[in-house]
Each structure stands twice: as structure tokens, then as C-alpha cells.
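S.K.: need a structure here:
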Amino acid sequence: MQKIFQKISYGFAFTYPCPRKLREVVKMSLIEREPKDQVVKLWMEYHRGKPNQVSYVMSKHEYEIFNSKSAESPLFLLPLKRQNGHFMIMGQSQSKSILYTYLEDYKKHGTFVNPYFIMTLFDELLFSKEIVLVRGDILIGVDNDEAFYLMNQTMRQYLQPELYNDFIYTLNHSQEEFDYEKYRQVFQL
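M.R.: Model (predicted):
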């Protein structure tokens, strides 16, 4: 497993703070030789227990739905619960990356806000293996469990038609119709 994965470090100065291409994470010539099930196993095992990283694997079908809907409606909100209550995370899809930040920071700093968590969709194996490898990189402000929750809830909201229509589509296209009380009920706030 070790020989398949690359070690690349990233900084914040004029660079994207995490890999944007799968070849920056794995040796493509080796991963392409593996059967789909083995790629999934290697991807999940490689990221298991790594500090500041979480992973997921999307099917081709999930990716097609997610990609279409996130292009149509790139902004979304997710509550993040902690001991003293909850706060809102704002997410924004930008092609193959989803950036997450605290809603309050976004309100204060607008587009100049720094992301706290970045989810990257690596679609290089979409046609050969019918999967998309997903990696979440934690920059600051959330732990691995919270990052995994954000990743799963993002998928859930985009892939479940009722959640997408009620919350994400409405937030992006008719904010005045956003039903916050229903949102509170669904997310048990």
C-alpha cells in the first residue's frame, strides 16, 4: 500500500492547501492496475486514522447526481453540533472542490474568508473503475469526526431529492422561501 501513495506537502502561500489531482496522492500507474474493490479498500485504509484527513468513495451514479446538482446550486448550510449547542457551516462547491467555513466568518469576511475544511473529488478513475475517490482535508476548526460528519451530510443533502429541493436548491434560488423551522426539525436543532 505504501508504494502507491505519494507524499506531498502543501503550504498556504499562493498554493491550494491540499492535493487537487489524484496523481498528487497516488502513483496512477500502480492504482490503475488494481481492481476497483482493491482501490476502494486501499483508499479507505490509507486515510483511516490519519490526523486531519477523512475519505469516502462515490459511485459513478452518486457522482453524476452530485456533480450536476452542486453546479446548479453550489451553496449549502450544515449545522455542526458541539457540547454547548451548534453553529452553522457554510459550504460552497467549486467544481471538484467543496470549501467549508463558519457561516459567521463568511458574514464578516465575505469571499476573503479562509476555508476550515476542503473536500476534494478525484474523478480520474470515473470511467475506468466507475468510482470517484473523495478526500477531506482539515485545515483548522474541526476534528476528524466533525469532518466526516460534514462530508456525509453534504452527500446526503445533495443526493436525497427532498433535502436537496427543500434546503440547497431553495437556498441558492429562492432564499425567501427557505423554511428554517423545517430545517431545524430535520437537523434536530
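S.K.: look up how far residue 155 lies from the residue nearest the centre of the chain.
M.R.: For the chain, residue 119 is the residue whose C-alpha lies nearest the centre (CA atoms, centre = their mean; 3.2 Å). Note on residue 119: its distance to residue 155, by CB to CB, to the nearest Å, is 9 Å. Placement of C-beta: from N, CA and C, glycine included.
S.K.: repeat that for residue 98.
M.R.: Using CB to CB, one gets 10 Å for the distance from residue 98 to residue 155.
S.K.: higher neighbour count, these two?
M.R.: residue 98 (25 against 17; other CB atoms under 10 Å).
S.K.: which helices and strands sit right next to the helix ranked longest in the chain?
M.R.: Longest helix in the chain, counting residues (DSSP state H): helix 144-159. Applying 3 or more CB pairs under 8 Å, 6 or more residues apart in numbering; DSSP states H and E, one finds that helix 144-159 makes contact with strand 53-59, helix 60-72, strand 75-82, strand 85-94, strand 117-122, strand 131-138.
S.K.: list the buried ones in the helix or strand just after that helix?
M.R.: Proceeding N to C from helix 144-159, the next assigned helix or strand is helix 161-163, under DSSP states H and E. By 16 or more other CB atoms under 10 Å, the buried positions in helix 161-163 come out as residue 163.
S.K.: so what touches the helix or strand just after helix 161-163?
M.R.: Once helix 161-163 ends, the next helix or strand along the chain (criterion: DSSP H and E) is helix 170-173. Counting by CB atoms under 8 Å, 6 or more residues apart in numbering, helix 170-173 makes contact with 72, 73, 74, 75, 76, 77, 177, 178, 179, all of which sit outside it.
S.K.: gap between helix 170-173 and the chain center?
M.R.: Distance of helix 170-173 from the chain centroid (CA atoms, centre = their mean, to the nearest Å) equals 19 Å.
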